[in-house]
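In: Could you work out the structure for the sequence below:
(6 chains)
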Amino acid sequence: MRYALLVQGAPYSSQASHSALRFAAALLARGHNLECVFFYHDGVYNAARLAAPPQDEPHLMDAWCALNTEYGTRLQVCIAAALRRGLLDEREAARHGKSGYSVQSPFELTGLGQLIDAGLGCDRLVTFSP
Amino acid sequence: MRYALLVQGAPYSSQASHSALRFAAALLARGHNLECVFFYHDGVYNAARLAAPPQDEPHLMDAWCALNTEYGTRLQVCIAAALRRGLLDEREAARHGKSGYSVQSPFELTGLGQLIDAGLGCDRLVTFSP
Amino acid sequence: MILHILNRSPGSSLVYREALAGMGPEDRLLLIEDGVQGALTSQARHFESLGGRLFALREDLASRGLEGRCDASVQVVDVDGFVVLTEEADKTVSWF
Amino acid sequence: MILHILNRSPGSSLVYREALAGMGPEDRLLLIEDGVQGALTSQARHFESLGGRLFALREDLASRGLEGRCDASVQVVDVDGFVVLTEEADKTVSWF
Amino acid sequence: MQYPTVPPAGDVLVILRHSPHGSSWLREGLDAALVAAAFGQAVSLLFQSEGVLALVKGQGPGPLGQKGTSATLDMLAMYDIESLFLDAVALARLGFSSDELQLTARPVDQAATAELIAGHRLVLTF
Amino acid sequence: MQYPTVPPAGDVLVILRHSPHGSSWLREGLDAALVAAAFGQAVSLLFQSEGVLALVKGQGPGPLGQKGTSATLDMLAMYDIESLFLDAVALARLGFSSDELQLTARPVDQAATAELIAGHRLVLTF
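Out: Coordinates of the predicted model:
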């Protein structure tokens, strides 16, 4: 089946990201496809490229990126939720006259329409919230 | 009296920052001093330098910075909470081998000891949480 | 006297029980943010043990359209009153 | 059949009431994260209307040291079982 | 009070469980509903639990001019979102009646809530 | 069960209301307690509500190896944090008894909780 996940919890603050990643691994192991993970509300903080967790803790961002590399899962971040929270890719940073950027590929800033598409287009959408 | 605030809510996600800023304005108007604002838990996200909120909404980061400029209030961010959430100043970014940075002056990354100091050294500590 | 500050509604969160458990006989409770729902006539019974020691923040009531629906047992204060409450208290404890 | 997923404990959050209100007679409820507290023998009464349709995630029970304290009415599933539950359901609804 | 026994079905049901101002959940949920409608989906809203407070009249800006959500509610009709429901139990518990609200929403009880959820292809809770 | 009528006073009381794994509140609260103790303050801990689950035996890592807090509890003694209290009502509600816990903490009832809060200069809730 084609799955999509919606993640709404900030990494390290809530268990949402951990639960979603564990669920992702299990569904892939059962032969399903994970089309995309959509990050909304505080879930957008998962895309913060500078995250530097202690070495004895899971590196959530690396785990997200591995989903993209190994399975082609798209990592889509709600742009409206991201901008107000300080998560800008190079293009948005330029557009807002800011130097530097805080989001990079494979995370992509995108509109909420992608969430609706994923929710209606995939066979299953599973939400992990704080 | 000498006040300190502890802010633990992410900006825009919870009302904590708005409440704290309003309370700060009121205590200053009554002639008190606001020695510092300490950011912990998801409150550290208030220090994200790239925040680009819509123009018809309050710019929380600018409001924090104004407290520092006008009243000398120190803006102290728990370094351990910040690093795992992707909030690094130039020094920490260099130390972790990352290009770019997401926190800048007048926000300062500091240890939790500053929170204890503020809590015991000031006359009042008021906490705003999500 | 300690000022306790509660920002959750008794209709969705049970933290108000711990806030009440932590209060001494002179302590005061201020409802802010979503906590002001507890000041509604329909909700104030959760705090009836407090007698005259229950407060709610006017600005948070007003922004929610709830200012006219407070229980008579609640003292409504604006943010300056919030500061005064912290001045009068030995310390504050926030419940969330 | 719809799979409802609840990650809050009935001891601190009242969202379990809305989750139950949203459930049809064939729907299932899976407790995850802090929600697994609801699977404790002491807490499972909140979900007694569900009969055999209450599940709890084994890994979240185990990491909290609660695996041995589940009520007999709860079906404990691991994360593979969680995926199976989503396969069998028409859709999922998360309550938090 | 009359409860619909068979609520209309649709593509997307957005359940709003949070009150205005305290968090961004309500606003972000409404945004998701507006976008779904703009993409041509048939959208229903269910104001549940504290979410019914979104419908209270006379709301204003929060501290620092924090935007609320009542202006967004006025946009629902423009987006053809007219399938509005509210949690009758929660409304009564908070001491409000339906005719005191900014918008008209159909009160639903527990059975109708479950039918609403079953009747939509995608259900998002905020 | 005996409740202390006059709990010891101290500099800093850290109230832990959240359970392990579900959020970072418990860990961040414990970190604050350890730092306060390292700075020479007399620190007390109160495990309240779901926070009493921090004391349950047999905890392990969460998904992906997410660290829990039980190793941190073992460090409390090293930091001279020996003034530990727990919410007797919450423990009973969850169906546990004091002797099933990883650490010994004195059960407190409502009156003792208020005294604990009054008896410390700084009270932080997590």
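In: Counting neighbours, which bits of stretch C:76-87 end up buried?
Out: If you call a residue buried by 16 or more other CB atoms under 10 Å in any protein chain shown, then stretch C:76-87 has these buried ones: C:Val76, C:Val77, C:Val79, C:Gly81, C:Phe82, C:Val83, C:Leu85, C:Thr86. Heads up, the C-betas are built off the backbone N, CA and C, glycines and all.
In: now check it, is it near chain B?
Out: Yes - for stretch C:76-87, a contact with chain B is found by CB under 8 Å from any CB of the partner chain, at C:Val79, C:Asp80, C:Phe82, C:Val83, C:Val84, C:Thr86, C:Glu87.
In: Please apply the same query to stretch E:67-85.
Out: Yes - legend: contact between stretch E:67-85 and chain B by CB under 8 Å from any CB is shown at E:Lys67.
In: quick one on the thing from earlier: what about the buried residues of stretch C:76-87, which are in strands?
Out: Among the buried residues of stretch C:76-87, the members falling in strands (DSSP state E) are C:Val76, C:Val77.
In: give me the number of residues near residue 69?
Out: Assuming you mean chain A. Per other CB atoms under 10 Å in any protein chain shown, the neighbour tally for A:Thr69 reads 10.
In: nope, chain C please
Out: C:Arg69 sits with 19 neighbouring residues when counted by other CB under 10 Å.
In: Please give me every residue in contact with it.
Out: C:Leu40, C:Thr41, E:Gly95 (CB atoms under 8 Å, 6 or more residues apart in numbering or on different chains).
In: From E:Lys57, how far off is it?
Out: Separation of C:Arg69 from E:Lys57 (CB to CB, to the nearest Å) stands at 11 Å.
In: Which residues does the longest helix along chain A contact?
Out: Counting by DSSP state H, the longest helix found in chain A is helix A:16-29. By CB under 8 Å, 6+ apart, the surrounding residues in contact with helix A:16-29 are A:3, A:5, A:7-11, A:34, A:37, A:43, A:46, A:58, A:60, A:63-64, A:67, A:71, A:73, A:126, A:128-130, D:7, D:32-33, D:59-60, D:79-80, D:82-83, D:86, F:62-64, F:66.
In: Just the buried ones among these, please.
Out: Buried by 16+ other CB under 10 Å: A:3, A:5, A:7-11, A:34, A:37, A:43, A:46, A:58, A:60, A:63-64, A:67, A:73, A:126, A:128-130, D:7, D:32-33, D:59-60, D:79, D:82-83, D:86, F:62-64, F:66, out of the contacts of helix A:16-29.
In: Take the contacts of helix A:16-29 and keep only those in strands.
Out: A:Tyr3, A:Leu5, A:Val7, A:Leu34, A:Val37, A:Val126, A:Phe128.
In: and the fourth one, what are its bridge partners?
Out: With beta bridges defined as DSSP bridges, A:Leu34 has these partners: A:Tyr3.
In: gap between it and chain F?
Out: A:Leu34 is 16 Å from chain F, where distance means CB to the nearest CB, to the nearest Å.
In: E:Pro63 too?
Out: Taking CB to the nearest CB as the measure, E:Pro63 falls 22 Å from chain F.
In: Same question for C:Ala89.
Out: Going from C:Ala89 to chain F by CB to the nearest CB gives 11 Å.
In: who are the neighbours in contact with that residue?
Out: B:Arg124, C:Met1, C:Ile2, C:Leu3, C:Arg28.
In: ok, 7 Å please
Out: Applying CB atoms under 7 Å, 6 or more residues apart in numbering or on different chains, we find C:Ala89 in contact with C:Met1, C:Ile2, C:Leu3.
In: Compare the residues you listed and tell me which is most surrounded.
Out: When neighbours are counted by other CB under 10 Å, C:Leu3 leads the contacts of C:Ala89 with 23 neighbours.
In: Now that one: closest residue in space, sequence neighbours ignored.
Out: Distances taken as CB to CB, 6 or more residues apart in numbering or on different chains put C:Ala89 closest to C:Leu3, at 3.7 Å, once the chain neighbours are dropped.
In: go on, A:Pro106?
Out: Excluding its sequence neighbours, the residue lying closest to A:Pro106 (CB to CB, 6+ apart) is A:Asn68, at 3.9 Å.
In: One more: A:Pro58?
Out: F:Leu64 (3.9 Å).
In: any idea how far D:Thr86 is from that neighbour?
Out: 20 Å.
In: and what of C:Asp80?
Out: From C:Asp80 across to D:Thr86, the span is 52 Å (CB to CB).
In: Could you tell me which helix of chain E is the longest one?
Out: Looking across chain E with DSSP H, the single longest helix is helix E:25-38.
In: Show me the contact partners of it.
Out: With contact meaning CB under 7 Å, 6+ apart, helix E:25-38 is reached by A:40-41, A:80-81, A:112-113, A:115-116, E:12, E:14, E:16, E:18-20, E:43, E:45, E:51, E:54, E:69, E:72, E:75, E:79-81, E:124, E:126.
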